[in-house]
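Enquirer: pasting the sequence and the predicted coordinates here, then a few questions.
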Amino acid sequence: MDDDRRSQRADARRNVERILDAAERCLAQDPDAPMADIAAAAGLGRVTVYGHFASRALLVEAVVQRALTAADAALADVDLTGDAAGAFERLVEATWQVTSRTGRLLVAAEKALPAETVRAAHQGGLEDRVRGLLAAAQRDGAVRADLSVDWLTAVLHAVLHTAATEVDAGRLTAQDAPSTITRTMLAVLAPDSGARGARR
């Protein structure tokens with residue numbers, strides 16, 4: 001009996017991985033991919049897929065969470081020392097390399113999930129890395145201090161997602177995205193940008 005239960009649990013774990021792998025492939029090709037297409041790509045019936053993920057939104061959330069966990073691991077070795085602008089540029093470049101592979105997953109998440117769920121999925125290592133860099137740069141006077149680190153992190157999050165959406169829509173190339181994101185954010189982060197705004 002115990003062997004049967006262990007076998008069932010192992011089958012269930014394998015099915016979950018098959019579903020997540022299939023969903024990632026399908027959503028990367030089409031952010032609107034339906035559950036039927038995902039089930040077919042996984043080689044499973046829709047009933048089995050719904051048995052593990054009660055809704056498409058829950059499946060999208062699981063796929064995005066898995067992708068973000070992998071992204072966090074991939075970004076762990078980015079050099080954030082030295083000049084703040086250079087460190088930020090390296091972080092954006094590395095982040096975009098990850099985002100460009102999963103950009104349509106972000107589009108799928110924006111469409112299927114509440115904004116607060118998407119935001120919460122990014123919390124943890126990914127945002128901690130950005131917050132640490134911005135906080136250190138603020139202490140050194142390299143980044144404006146009139147806006148909170150939390151707000152500036154949220155702005156970067158929004159700009160990255162906007163870039164992914166623009167690339168998906170064909171209005172921005174994936175090659176131009178990192179420099180566009182960096183220029184946009186460096187203009188926002190510049191220490192004198194707050195003073196310029198106050199003079200208006």
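Expert: Good, I have the coordinates.

Enquirer: check which helix or strand covers the most centrally placed residue in the chain.
Expert: With distances taken as C-alpha atoms, centre = their mean, residue 68 lies nearest the centre of the chain, 5.5 Å away. Assessed by DSSP states H and E, residue 68 sits inside helix 56-75.

Enquirer: ok, residue 132 next?
Expert: Using DSSP H and E, the element containing residue 132 is helix 125-139.

Enquirer: where in the chain is pLDDT low?
Expert: Applying pLDDT under 70 to the chain picks out residues 1-8, 101-103, 122-125, 193-200.

Enquirer: how much space between residue 128 and residue 12?
Expert: Applying C-beta to C-beta, to the nearest Å, the value for residue 128 to residue 12 is 32 Å. C-beta here means a position set from N, CA and C on the backbone, and glycine is covered the same way.

Enquirer: and the closest residue to the residue nearest to the centre of the chain other than its chain neighbours, what does it touch?
Expert: Using C-beta to C-beta, 6 or more residues apart in numbering and skipping the chain neighbours, the partner closest in space to residue 68 is residue 121 (5.7 Å). By C-beta atoms under 8 Å, 6 or more residues apart in numbering, the contact set of residue 121 is 61, 64-65, 68, 109.

Enquirer: can you list those in JSON lines and add distance to residue 99?
Expert: Below are the contacts of residue 121 laid out as JSON lines (distance: C-beta to C-beta, whole Å):
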{"residue": "61", "distance to residue 99": "17"}
{"residue": "64", "distance to residue 99": "12"}
{"residue": "65", "distance to residue 99": "15"}
{"residue": "68", "distance to residue 99": "10"}
{"residue": "109", "distance to residue 99": "12"}
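
Enquirer: those: which two are farthest apart?
Expert: Within the contacts of residue 121, two members stand farthest from each other by C-beta to C-beta: 61 and 68, at 10.5 Å.

Enquirer: and which of the contacts of residue 121 is nearest residue 81?
Expert: Using C-beta to C-beta, residue 68 is the member of the contacts of residue 121 that lies nearest residue 81, at 24.2 Å.

Enquirer: that closest one reaches residue 127, doesn't it?
Expert: No. Distance between residue 68 and residue 127: 10.1 Å, which falls outside the contact criterion (C-beta atoms under 8 Å).
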